[in-house]
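In: any chance you can model this:
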Amino acid sequence: MTRSYQKLNEEKVFKDPVHRYIHVRDRLIWDLIGTPEFQRLRRIRQLGTTFLTFHGAEHSRFGHSLGVYEIARRVIDIFKYRNHWDDSETMIALCAALLHDVGHGPFSHSFEKVFGTNHEEYTQKIILGNTEIHRLLEQQGQGFAEKVADVIGKTYPNRLVVSLISSQIDADRMDYLLRDAYFTGVSYGHFDMERIWRVMRTQDDQIVFKLSGMHAVEDYIMSRYQMYWQVYFHPVTRSAEVILTQILHRAKVLYQEGFHFKYAPHPLIKIFEGKMTLQDYLKLDESVILYFFQAWQEEEDAILSDLCFRFMNRRLFKYVEFTPSLIGSKDRLVEAFRDAGIDPDYYLEVDSSSNSPYDLYRPGEEGERQPIQLLMPDGTLHELSQESDVVGSITGMRRTDCKLYYPKDRILDLPEHSPYRKTIQDILGI
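Out: Got it, this is the predicted structure:
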């Protein structure tokens, strides 16, 4: 029997630059939005350090999470209209869509890289732990919070619900492509979402697409590919991420060595010590991190001070392509940096970005996703790349980009006749 969830006396709406309006009709969704754990997402940027490349990219994970909820709500309404949806799954799916990013830390992926955290695991901890979100979810019935967490963890038994939140065309990806394109001012991420919705169908417990909508799906895949290489993997953004990562790493090393900070990073001490609780994690956001970056410009440690100055004032590292010849000269370059008094552990970094625009399902692979299926006129399913020449040509293709980041200004500040300067310049070609 379908459970009845409490409705608001009056629908609430959020004005949104991507979806125009985001509609909230359920008391539970409205209350979840108001929790401290969800409001914290206002203080975490959707695109991390990308604001240093595209100045408009100041949008938060709060807005994105609302957008994912709205897309999921609209798609569910379409499925209900076609009698392709079990209404007992609606509130679980909507809660999972809304809360799917609630576990992100400040500067998300850079933070995870240094401290070994995982935002999906923290999302589940927030849903299941001692939080306001958990209390609200459990008011809906014992085990409700666990069901929502299972959707996030992709272990929920109904694959249709999971694929709505996490698949090759899901509510998460559709929102972030459109939202990130809007706020960065680029045209790459635009695709015909309304058309994709119109050709969506359900079959065999999964979302499929009518053959007549194949070109809209192709457009979506190519938009995603362009966004990754023109925005998400932009080399300037990656330079900022390198510096951000080095700051956090340096602060952790200094703390472990007993360094006396002028501005002690009390909110980070538990994570430095590997003893961070869920409540410690929830106290961290980008305003906290940026406060310390601003303050640490005055620290006595020259490396920490310099890196923080670079990040706060956008004095980023330059980069060169990490070619095979440069790989062969890496040891010489490291030695020249050390001889010149420039610590290569913090000022010489190789960064690699890799992305596959579309790939088939490969069991056991990290981040595995089901392939996109087309519904043929005779009712059979064909995997997308079998029918699309465009997608077929890129299936399995993985583009990798490697760059070497370094502080060009520090090199040019070396004495003009310094042998180390000449060695570094010769190797880097500057």
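
In: can you pull out the helices in the stretch 51-200 of the chain?
Out: Here the stretch 51-200 of the chain has its helices, by DSSP state H, counting those that start in this stretch, at 61-81, 90-99, 108-115, 119-128, 132-138, 144-152, 159-165, 171-184, 193-199.

In: what's the domain layout of this protein?
Out: Following automatic domain parsing, the chain resolves into domains at 7-185, 235-353+401-428.

In: Asp192: which of these is closest?
Out: Set against Asp192 and scored by CB to CB, the domains of the chain come closest in domain 7-185, at 10.7 Å. C-beta coordinates here come from the backbone N, C-alpha and C atoms, glycine included.

In: rewinding a little: out of the domains of the chain, nearest to Gly392?
Out: Minimum separation from Gly392 across the domains of the chain (CB to CB) falls at domain 7-185, 15.0 Å.

In: span of the closest one from start to end?
Out: For domain 7-185, the separation between the terminal residues is 37 Å (CA to CA, to the nearest Å).

In: now that domain: average pLDDT?
Out: Per-region confidence: domain 7-185 scores 96 on mean pLDDT.

In: returning to what we had before: of the domains of the chain, which stretch is the most buried?
Out: domain 7-185 (a mean of 19; mean count of other CB atoms under 10 Å).

In: quick check: which of the domains of the chain is nearest to Val390?
Out: Nearest of the domains of the chain (CB to CB): domain 7-185, 14.8 Å.

In: and that closest one, how far from the chain's centre?
Out: Put simply, domain 7-185 sits 13 Å off its chain's centre (CA atoms, centre = their mean, to the nearest Å).

In: for stretch 329-342, same thing?
Out: On CA atoms, centre = their mean, the centre of stretch 329-342 falls 34 Å from that of its chain.

In: again with stretch 190-198
Out: Worked out by CA atoms, centre = their mean, stretch 190-198 lies 22 Å from the chain centre.

In: again, but for stretch 230-247
Out: Distance, centroid of stretch 230-247 to centroid of chain: 13 Å (CA atoms, centre = their mean).

In: CA atoms only for it, dumped as CSV, please.
Out: Extracted as CSV, the C-alpha positions of stretch 230-247 are listed here (Å, rounded to 0.1, in the frame of the first residue of the first chain):
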residue,chain,number,x,y,z
GLN,A,230,36.8,23.0,-21.7
VAL,A,231,35.7,23.6,-18.1
TYR,A,232,36.2,20.8,-15.6
PHE,A,233,39.7,19.9,-16.7
HIS,A,234,40.8,23.5,-17.6
PRO,A,235,44.5,23.7,-16.9
VAL,A,236,44.2,27.0,-15.0
THR,A,237,41.6,25.4,-12.7
ARG,A,238,44.0,22.4,-12.2
SER,A,239,46.8,24.8,-11.3
ALA,A,240,44.6,26.3,-8.5
GLU,A,241,43.8,22.8,-7.4
VAL,A,242,47.5,21.8,-7.3
ILE,A,243,48.2,24.8,-5.0
LEU,A,244,45.2,24.2,-2.8
THR,A,245,46.2,20.5,-2.4
GLN,A,246,49.7,21.5,-1.5
ILE,A,247,48.5,24.0,1.1
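
In: C-alpha coordinates for stretch 262-269, PDB please?
Out: The C-alpha trace of stretch 262-269 is given here as PDB (Å, rounded to 0.1, in the frame of the first residue of the first chain):
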ATOM      1  CA  LYS A 262      50.200  31.700  14.600                       C
ATOM      2  CA  TYR A 263      46.700  30.800  13.500                       C
ATOM      3  CA  ALA A 264      46.200  27.200  14.800                       C
ATOM      4  CA  PRO A 265      43.900  25.300  12.500                       C
ATOM      5  CA  HIS A 266      41.600  24.000  15.300                       C
ATOM      6  CA  PRO A 267      38.800  22.800  13.000                       C
ATOM      7  CA  LEU A 268      41.300  20.700  11.000                       C
ATOM      8  CA  ILE A 269      43.300  19.100  13.900                       C
END
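
In: hmm, back to that, out of the helices of the stretch 51-200 of the chain, which comes closest to Asp306?
Out: Closest of the helices of the stretch 51-200 of the chain to Asp306 is helix 108-115, at 18.0 Å (criterion: CB to CB).

In: packing partners for the longest strand seen in the chain?
Out: Criterion DSSP state E: the longest strand present in the chain is strand 7-16. Using 3 or more CB pairs under 8 Å, 6 or more residues apart in numbering; DSSP states H and E, the elements in contact with strand 7-16 are strand 20-26, helix 27-33, helix 61-81.

In: can you lay out the ones you listed as JSON lines showing distance to Thr277?
Out: Listed next are the helices and strands packed on strand 7-16 as JSON lines, based on distance: least, CB to CB, whole Å:
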{"stretch": "strand 20-26", "distance to Thr277": "31"}
{"stretch": "helix 27-33", "distance to Thr277": "22"}
{"stretch": "helix 61-81", "distance to Thr277": "22"}
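
In: closest one to Asp345 among the ones you listed?
Out: Comparing those under CB to CB, the one sitting nearest is helix 61-81, at 31.3 Å.

In: for the closest one, which outside residues touch it?
Out: Here helix 61-81 makes contact (CB atoms under 8 Å, 6 or more residues apart in numbering) with 14, 16, 18-19, 22-23, 29, 33, 38-39, 41-42, 44-46, 85, 87, 90, 93-94, 97-102, 104, 164-165, 171-172, 174-176, 178-179, 193, 197, 200, 202.

In: how about 6 Å then?
Out: Helix 61-81 is touched from outside by 14, 18-19, 22, 41-42, 44, 46, 85, 90, 93, 97-98, 101, 104, 164, 171-172, 174-176, 179, 197, with contacts defined as CB atoms under 6 Å, 6 or more residues apart in numbering.

In: equivalent analysis for stretch 223-240, please.
Out: 49-50, 52-53, 177, 184, 188-189, 191, 316-317, 319, 351, 353, 355, 357, 403, 405.
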